[in-house]
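[1] Here you go, sequence then predicted model.
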Amino acid sequence: MADMDEEMSEDTLPLRQDLTCPVCQGIFQDPMLLPCTHSFCRECLERSWQVNKKCPVCRNPSDERQAIPNRALNDASASFLRQKRTAPSGANDEEIVCNLHLKPLALYCEKDEEPLCADCVTQHNTHRLWSLNDGTSICKKELGYKVQIFEKKVESYKKMTKNFNNAVEYIKYQAGEADKIIRAEFERLHKVLYAEEKRRLSDLAIEEEEKIKSIQRMNEQMQKDIVNIKQLIESLKKEMGNEDLPLLQNFQKIKRQAQWTEPEPGFVFDSLMNMGKHVGALSYNIWKDLKAHVQYYPVVLDPNSASPWLSLNASLTTVKESSERLTVPENAERFDPCVFVLGAEGYSSGKYKWDIIVGNNPKWILGVCKETVARKKKFTLSTSRGVWAIGLSKGVYTAFTAPERTELVVSQCPERIRIKLNIEKGEVSFWDGGREIHLVTLSHKFEDRLYPIFGPGLHNTPMILAPGKMAVHTS
């Protein structure tokens, strides 16, 4: 029997050669047969086709449609591997060997991130090799970094959960404030406006519900993400607790699975209530029936864009410094740290005009800006930065032109600034609104949506949007 076993062992060498892929030199894995009768591992053949559509051995033309699975060769390869793992007399049945050389795995390749046998060293002679124990330490260290990253991500998500919850309360507060204003205005004009009041309150309630549901959906998704990340962490920790060799063999798979591609949570544009729609220029929307009882404002302020250091009145027509930093959501539209607020409506075409009462405010900035202007960082006001504005500081009136600012000659300090915007003509002009005196005109080919921008400065003097004139034309 010993002679027979020795003879069978010697016979396995030619058999192994017959079952070896010409490309990877390993035992066939899912072999494919070409019309030229040559067989290759499916993965080896696909990689070869990426270079050219020829047989890697005889160089005859071939393509995917001509290749068929070689089931007989696949079964023979699988049987050979099973036999070689169990056949040696006295061998450990659970010992895992190299698929190529059928020898015990004893080294770890840092570059290819896989265990090797002694005969594999020649194929990795330029790579850094480690013992299995050292390789296990390297892999565990890298997976440990993954765990730390995901643990920090969980903390970040928990913090954003608190922000989302605060945003829900703020939306409710916004809705409550809008509710008060709407009710007061409709009470004043109750009989005529009863039907309109009901419609607007309904719109307000629907938007409040939609905005809250939107935040809650994002919050719920984030809770699911937290659970998934925790599960991923537990899975990694569990894998790190495995024996060295199984861990090393599964390391690439574990590493591929240890990925998190979901976007970071955060507020999106239009997350909060559209206050301009509900309470901005509310009277103007009903002026046809009650012109004598309403005022029209060409521009109203957008509280969702206002710096936390600015305080707006209920009708969104006055802005001034807040005595303390307001507790408001860190939504994407909001200016912080710059102290600005935008108009509620943007313009992409047409002509517009609005007046701002600056009074004796010693410092202010007024003009228009692109919708994409920086919101979450400080920036230099300039036409090159998408801001067309003038300002007053230390008694000097300035136009924020590029590359250098332009000092304006003003005979008397205007208390009312008028801004005229002609998008098609590419002009925004500034006037002393009280004396009808032109100050400066800035020209540009406007291609982005423009918004009025207001910088009242950190002073108690309010900046007030002046009501516009209304006229009824009949035919």
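    Done, it's in. Treat the numbers as computed from the prediction; the structure is a model and nothing was measured.
[2] which residues in the chain form helices?
    Using DSSP state H, the helices of the chain run over residues 2-18, 42-51, 71-86, 132-188, 190-240, 244-257, 275-278, 287-290.
[3] who wins for proximity to Y451 among those helices?
    Distance to Y451, taken as CB to CB, is lowest for helix 275-278 among the helices of the chain, at 11.3 Å. For the C-beta atoms, the positions are set from N, CA and C on the backbone; glycine is no exception.
[4] Let me have that closest one in CSV, keeping just the CA atoms, if that works.
    Extracted C-alpha coordinates of helix 275-278, given in CSV (Å, rounded to 0.1, in the frame of the first residue of the first chain):
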residue,chain,number,x,y,z
MET,A,275,-41.8,82.4,5.4
GLY,A,276,-41.8,84.8,2.4
LYS,A,277,-44.6,82.8,0.8
HIS,A,278,-46.8,82.9,3.9
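[5] Can you tell me what sits against it?
    Helix 275-278 is contacted from outside by 174, 178, 182, 200, 203-204, 207, 300-304, 316, 344-345, using CB atoms under 8 Å, 6 or more residues apart in numbering.
[6] If any of those residues are buried, put those into a ChimeraX selection.
    The following ChimeraX line selects those of the contacts of helix 275-278 that are buried, judged by 16 or more other CB atoms under 10 Å:
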select :174,178,182,200,204,207,300,301,302,303,304,316,344,345
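[7] nearest to P329, of the contacts of helix 275-278?
    Closest approach to P329 among these (CB to CB): N304, at 8.5 Å.
[8] Wait, that closest one touches A332, no?
    No: counting by CB atoms under 8 Å, N304 sits too far from A332 to count as a contact (9.2 Å).
[9] Quick check: V319 vs G395, distance?
    Using CB to CB, to the nearest Å, V319 is found at 22 Å from G395.
[10] quick one: which of these two has more around it?
    Neighbour count, other CB atoms under 10 Å: between V319 and G395, V319 has more, with 25 against 9.
[11] need the contact list for the closest residue to R188 other than its chain neighbours.
    Leaving aside its chain neighbours, R188 sits nearest to H293 (7.6 Å; criterion: CB to CB, 6 or more residues apart in numbering). The neighbours of H293, taking CB under 8 Å, 6+ apart as the test, are R188, L189, S283.
[12] cool, E169 as well?
    Under the criterion of CB under 8 Å, 6+ apart, E169 has no contact partners.
[13] Identify each of the strands in the stretch 251-400 of the chain and give its residue range.
    Counting by DSSP state E, counting those that start in this stretch, one finds strands in the stretch 251-400 of the chain at the ranges 310-312, 318-321, 341-342, 351-357, 364-370, 387-393, 396-399.
[14] what helices or strands is the shortest one leaning on?
    For strand 341-342, the elements it packs on are strand 450-455, judged by 3 or more CB pairs under 8 Å, 6 or more residues apart in numbering; DSSP states H and E.
[15] quick one, the strand it packs on and strand 351-357 angle?
    On the basis of axes from the mean of the first three to the mean of the last three CA atoms, to 10 degrees, strand 450-455 is oriented at 10 degrees to strand 351-357.
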